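Peer 1: just need the structure, nothing else, for what follows:
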Amino acid sequence: MTISVVRSPQTKPLPDSKDLGFGRYFADHMFLMNYDEQNGWHDPRVVPYHSFNMDPANLTLHYGQTIFEGLKAFRWQDGSVNIFRAKDHIERFRRSAERLCMPLPDADVLFEAFKLLVDVDRNSVPAQRGTALYLRPTMIATDDALGVRPSGSYLLYIIASPVGSYYTKGLAPTRILVEERFSRATIGGLGEAKTGANYAASLLAAKEAKSRGFDQVLWLDAKTHSLAEEVGTMNIFFVLNNVLVTPPLGGTILDGITRRSVIALAEEWGIPVEERPVAMSELVTAYDNGTLQEVFGSGTAAVISPVGELFYHDRALTIEEPANSLRERFYNAISAIQYGEIPDYHGWITPVPAIANGHAKELETALPDDGTAQA
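Peer 2: The predicted structure is shown next:
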């Protein structure tokens, strides 16, 4: 399957790195590919970034049949651009598609699409450490009809955004409210899929937490509301008496790619790792007896973020990160691999070659005059 490229006649300047924030700016191009039951996946192309025209009866708008991913490309000091753990994100994207009853895109086509889009928008990859080009693959249903059923047609698209830190305060410790009323996911539900429904379920609790001065919420299990699961935007880790502990995957927790990276590094470094249920009562006891040494979150957007407070049962558990913390060691190691400062012995890095010119076609086939296109 050949991916065509139509370059934008205009390019936007890259904002200053200190002004990037997260998800505020978008690169000049996007990847599109369509699916229908007669033709399967077809017409993969990179085109100028544009809006979609959607019918009000679009199935995605009514029944939420949509998935997405998030991964990053980094500029190294030698000027090259490299993507972190692209194949792992493709694998997870395909698992999400299967759970949402959507057609699985070809993994090799997606892999080439990542590289090609990043090459076309190579000038949108910022160079400063702490910045990256964030890639957001998304799949939506495109049938226009009412009625709860899987769509017969889909659009897969990838957009790119030059980003800085996810949190406005950077790597400062976050304040986390332990959520005891609402539930994000249940066993047998959609918790392990990256689908919009998961994030919609988290919005009210997150809004209320922020109104009280907290940065995020820590979700508990839906059955007993006693076991820690994950933060709204991150997997969660605890260092308990020199053991790295994180809740297990079991259908309600996202299989985080950064989470995988942390566990792999810990095992290589000889750090004891336990993936097991973690009760809030255990954390309170460990806090009181001094064995709760660290708490941090992991995720593509924030990488490794320190947690400075867990607020539970009207009590603030304040965590002072020790000198030479594990959190800092993980952050430094993962970042160093992402920016090419240390060798990648894991096969996590995908170089982005200069390949776009071989895919180009005439510009006049790009878009209608109004700059929009049908999904």
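
Peer 1: and the most centrally placed residue in the chain, how far from residue 84?
Peer 2: The centre of the chain sits closest to residue 70, judged by C-alpha atoms, centre = their mean, with a distance of 3.3 Å. Going from residue 70 to residue 84 by C-beta to C-beta, to the nearest Å gives 11 Å. Just so you know, the C-beta spots here come from the backbone N, C-alpha and C atoms, and that holds for glycine as well.

Peer 1: how far away is the residue nearest to residue 19 when sequence neighbours are not counted from residue 339?
Peer 2: Taking C-beta to C-beta, 6 or more residues apart in numbering as the measure, residue 19 lies nearest to residue 164, with 8.0 Å between them; neighbours along the chain are not counted. The gap separating residue 164 from residue 339 is 14 Å, by C-beta to C-beta.

Peer 1: could you do residue 254 as well?
Peer 2: If you go by C-beta to C-beta, the gap between residue 254 and residue 339 works out to 25 Å.

Peer 1: re earlier: if I pick the residue nearest to residue 19, what's in contact with it?
Peer 2: By C-beta atoms under 8 Å, 6 or more residues apart in numbering, residue 164 lies in contact with 17, 18, 19, 20, 21, 22, 126, 130, 131.

Peer 1: in the stretch 51-200 of the chain, where is pLDDT below threshold?
Peer 2: Low-confidence segments of the stretch 51-200 of the chain, defined by pLDDT under 70, are located at 168-170.

Peer 1: quick check: residue 177 touching residue 214?
Peer 2: Yes. Using C-beta atoms under 8 Å, residue 177 and residue 214 qualify as a contacting pair, with a distance of 4.2 Å.

Peer 1: now the common contact residues for these two.
Peer 2: The overlap between the contact sets of residue 177 and residue 214 (C-beta under 8 Å, 6+ apart) consists of residue 311.

Peer 1: residue 337 versus the nearest residue to residue 15 once chain neighbours are set aside, what's the distance?
Peer 2: Distance criterion C-beta to C-beta, 6+ apart; nearest residue to residue 15, sequence neighbours excluded, is residue 25 at 5.6 Å. Counting by C-beta to C-beta, the gap between residue 25 and residue 337 amounts to 25 Å.

Peer 1: returning to what we had before: and the residue nearest to residue 15, helix, strand or coil?
Peer 2: Secondary structure for residue 25, judged by DSSP: H, G, I helix; E, B strand; the rest coil, is coil.

Peer 1: so who does it touch?
Peer 2: Residues in contact with residue 25, defined by C-beta under 8 Å, 6+ apart, are 12, 15, 161, 162.

Peer 1: and the residue sitting furthest away from the middle of the chain, what's its pLDDT?
Peer 2: Computed with C-alpha atoms, centre = their mean, the residue of the chain farthest from its C-alpha average is residue 289, at 35.4 Å. At residue 289 the predicted local confidence, pLDDT, stands at 97.

Peer 1: residue 374 now?
Peer 2: At residue 374, pLDDT is 52.

Peer 1: same question, residue 359
Peer 2: Confidence per residue is given as pLDDT, and for residue 359 that number is 77.

Peer 1: which residues does the closest residue to it other than its chain neighbours form beta bridges with?
Peer 2: Counting by C-beta to C-beta, 6+ apart, residue 5 is the residue found nearest to residue 359 once chain neighbours are left out, at 4.1 Å. When bridges are taken as DSSP bridges, the partners of residue 5 come out as residue 46, residue 360.

Peer 1: let's have the chain start at 644 instead
Peer 2: In the new count, where the first residue is 644, that last one comes out as residue 648.

Peer 1: state the distance from residue 648 to residue 774.
Peer 2: As it turns out, when the distance is counted by C-beta to C-beta, residue 648 lies 25 Å from residue 774.

Peer 1: and the helices in this structure?
Peer 2: Along the chain, counting by DSSP state H, helices occupy 702-706, 729-742, 750-763, 839-843, 846-854, 900-911, 923-932, 969-981.

Peer 1: and residue 780, bridged to which residues?
Peer 2: Going by DSSP bridges, residue 780 is paired in beta bridges with residue 801.

Peer 1: list the buried residues for stretch 835-854?
Peer 2: 835, 836, 837, 838, 839, 840, 841, 844, 845, 848, 849, 852 (16 or more other C-beta atoms under 10 Å).

Peer 1: bridging residues for the closest residue to residue 982 other than its chain neighbours?
Peer 2: Distance criterion C-beta to C-beta, 6+ apart; nearest residue to residue 982, sequence neighbours excluded, is residue 717 at 5.5 Å. Applying DSSP bridges to residue 717 gives these bridge partners: residue 725.

Peer 1: do the same with residue 947
Peer 2: Applying DSSP bridges to residue 947 yields these beta-bridge partners: residue 941.
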